[in-house]
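Chemist: 3D model of this:
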Amino acid sequence: MTDRPLRPNADEGREPQFVTSRQGGRLLSLAALKERIADRFLEEYGDDSPALRAADTPAKRIRLVLEVTNYVIAVESIVISNDERANLVSGIYSDLFGYGALDALFLDERVTTISIYGADRTSVRYGHGDLVDLKPQFEDTEHLRRVINRLIMDAGAELREDIPLIETGLQVGDRRAAINVIVPPYVPVISVDIRVHPKTAPTLDSLVETGFMTDEAADLIRRIAASKYGFTVVGEPESGKTTLLGTLAAILPQTERMIAVERSGEMALPAYFERFMVKWETSDQTGISFGHQIEAALDHQPSVLLLDEVRADEPLSIAPLLMVAESPRQVWSVRGVPDAKRLQSALGMLARRSVLGGGEAPVHALYDRLPFVLTMARIKGRLQLFSIAEWQSRVDSDYPDYVMLFQYRDGAARPTEKSAARWV
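Modeler: Sure thing, here's the model as predicted:
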């Protein structure tokens with residue numbers, strides 16, 4: 001996340017809307033009416049009343065909200081149209097049981113990213129385009145905190161002063177969402193980035209159709225997936241790593257025990273995969289780190305192990321993957337740039353730092369256990385497969401060459417004159 005200044009016109013879009021009360025002809029703002037109805041609802045039903053427990057479907061809960069809304073409108077003698085009443089009920093329901101203004105954004109299938117910088121600034125990304133500012137979606141900081149806290153709690157975490165940064169995820173309706181939250185004093189205002197995945201996960205064929213990769217590249221990727229070899233998927237944030245990893249998970253040959261270790265659970269995985277998720281410390285549970293979940297997964301002796309995602313600031317977490325004698329087939333996603341020289345240096349350094357005093361053994365293990373590398377990048381506003389490469393041995397050196405088999409040029413990753421050294 002990047003620091004962004006508050007908009008100079010932050011209150012634009014928050015102009016109050018009024019309704020009329022027949023008693024004395026006074027005006028009442030819709031925001032005040034909404035707050036009054038919500039307060040009345042909580043007075044009547046609380047957080048866990050028998051009536052609320054009995055309302056176990058959205059339709060039943062909406063009926064309760066409508067009854068309270070009609071009661072308050074009648075008591076206050078409010079003049080309100082049917083459309084205004086429907087919008088009022090919908091908004092109150094979202095605030096009480098959903099995620100407020102975020103509900104509509106989650107339902108919009110065009111939205112792939114929601115970026116929030118304090119109560120005054122919300123932006124969205126449609127598809128793979130640039131972020132677009134929306135009008136203010138939250139009444140104030142407290143309203144934003146309530147919504148984000150509910151979202152985080154539903155994901156199994158909670159906002160805490162001693163945990164300034166939370167990365168987690170959950171399923172909202174039919175869509176998986178990854179959530180990153182940073183709170184003051186580490187940033188001036190609450191900052192939230194939410195990646196929202198489509199209802200239906202893409203296939204390799206659909207990625208070809210949308211121009212993410214060519215048929216030739218998809219064919220090589222299928223052959224790598226069908227082989228016994230591990231591989232790494234590399235890209236910067238929001239470059240499509242997780243999407244591609246989930247797509248490839250669906251075409252890996254099914255074996256006895258397949259495990260995915262995840263930070264936010266945003267991958268679309270076949271049902272036969274076991275998920276080991278990072279857990280954040282809360283009042284009800286002990287935290288479990290990414291590294292500890294890797295160790296737990298290895299204890300189950302998987303045949304295939306997917307990691308989403310490996311990061312340079314946590315090198316010790318991958319030590320068991322490089323030093324365990326009986327290694328499962330491994331597939332990693334890694335944050336990084338697709339530049340060959342920088343990538344080669346970054347992966348080598350990551351391996352060296354993973355085992356203190358391990359020398360070059362973990363580096364050679366990385367080359368051996370993850371011999372293929374797929375990179376992707378955002379190019380001219382579009383997500384693109386950038387390259388497919390292989391670590392290939394040299395007769396004159398202990399270190400392999402990073403050999404490009406496909407490389408981006410003329411609008412797509414295209415074959416080079418090199419061929420794979422391993423049979424795929």
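Chemist: hey, let's count contacts and neighbours off CA atoms from now on
Modeler: OK.
Chemist: show me what contacts the spatially most central residue of the chain?
Modeler: Among the residues of the chain, the one closest to the centroid is A178, at 2.2 Å (C-alpha atoms, centre = their mean). A178 is in contact with E167, T168, G169, L170, I194, R195, V196, S264, G265, E266, counting by C-alpha atoms under 8 Å, 6 or more residues apart in numbering.
Chemist: Would you confirm that R353 contacts E314?
Modeler: No: at 9.2 Å, R353 and E314 do not qualify as touching, with contact defined as C-alpha atoms under 8 Å.
Chemist: So which of these two has more stuff around it?
Modeler: More crowded of R353 and E314, by other C-alpha atoms under 10 Å: R353, with 21 against 14.
Chemist: Assumed that one was part of a helix.
Modeler: Yes: R353: assigned to a helix according to DSSP: H, G, I helix; E, B strand; the rest coil.
Chemist: before we move on, back to that, I'd guess the residue nearest to the centre of the chain is in a strand, am I close?
Modeler: Yes: assessed by three-state DSSP, A178 belongs to a strand.
Chemist: beta partners of it?
Modeler: Beta bridges link A178 to G169, R195, judged by DSSP bridges.
Chemist: Could you report the pLDDT at it?
Modeler: A178 is assigned a predicted lDDT (pLDDT) of 94.
Chemist: hey, C-alpha coordinates of stretch 220-228 in PDB?
Modeler: Output in PDB follows, covering the C-alpha atoms of stretch 220-228 (Å, rounded to 0.1, in the frame of the first residue of the first chain):
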ATOM      1  CA  LEU A 220       4.300 -26.000 -22.400                       C
ATOM      2  CA  ILE A 221       2.700 -25.000 -19.100                       C
ATOM      3  CA  ARG A 222       0.400 -28.000 -19.300                       C
ATOM      4  CA  ARG A 223       3.400 -30.300 -19.900                       C
ATOM      5  CA  ILE A 224       5.300 -28.800 -17.000                       C
ATOM      6  CA  ALA A 225       2.200 -29.300 -14.800                       C
ATOM      7  CA  ALA A 226       1.800 -32.900 -15.900                       C
ATOM      8  CA  SER A 227       5.500 -33.700 -15.200                       C
ATOM      9  CA  LYS A 228       7.100 -34.600 -11.900                       C
END
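Chemist: Got the phi and psi for R335?
Modeler: phi -70, psi 130 (degrees, to the nearest 10).
Chemist: Tell me what it is bridged to.
Modeler: G235.
Chemist: nearest spatial neighbour of G358, skipping sequence neighbours?
Modeler: R352 (7.2 Å; C-alpha to C-alpha, 6 or more residues apart in numbering).
Chemist: Number of residues surrounding that neighbour?
Modeler: 22.
Chemist: Pretty sure it sits against V363.
Modeler: Yes: using C-alpha under 8 Å, R352 is in contact with V363, at 6.0 Å.
Chemist: quick one, helices of this protein?
Modeler: Per DSSP state H, the chain has helices spanning 30-45, 50-54, 58-76, 82-97, 102-107, 141-154, 204-209, 215-226, 241-249, 290-299, 319-323, 340-354, 361-369. These are given in chain order.
Chemist: Pipe those into CSV and attach mean pLDDT per row.
Modeler: Output for those, formatted as CSV (pLDDT from 0 to 100):
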stretch, mean pLDDT
helix 30-45, 86
helix 50-54, 89
helix 58-76, 90
helix 82-97, 87
helix 102-107, 93
helix 141-154, 91
helix 204-209, 95
helix 215-226, 97
helix 241-249, 92
helix 290-299, 96
helix 319-323, 93
helix 340-354, 91
helix 361-369, 94
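Chemist: Can I get the ones you listed in CSV including distance to Y408?
Modeler: Shown next, in CSV, are these (distance: least, C-alpha to C-alpha, whole Å):
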stretch, distance to Y408
helix 30-45, 52
helix 50-54, 56
helix 58-76, 48
helix 82-97, 45
helix 102-107, 33
helix 141-154, 39
helix 204-209, 15
helix 215-226, 11
helix 241-249, 17
helix 290-299, 33
helix 319-323, 30
helix 340-354, 12
helix 361-369, 23
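Chemist: So which of those is nearest T416?
Modeler: helix 215-226 (11.2 Å; C-alpha to C-alpha).
Chemist: Quick check: buried residues in the closest one?
Modeler: Residues of helix 215-226 classed as buried by neighbour count (16 or more other C-alpha atoms under 10 Å): A217, A218, L220, I221, R222, I224, A225.
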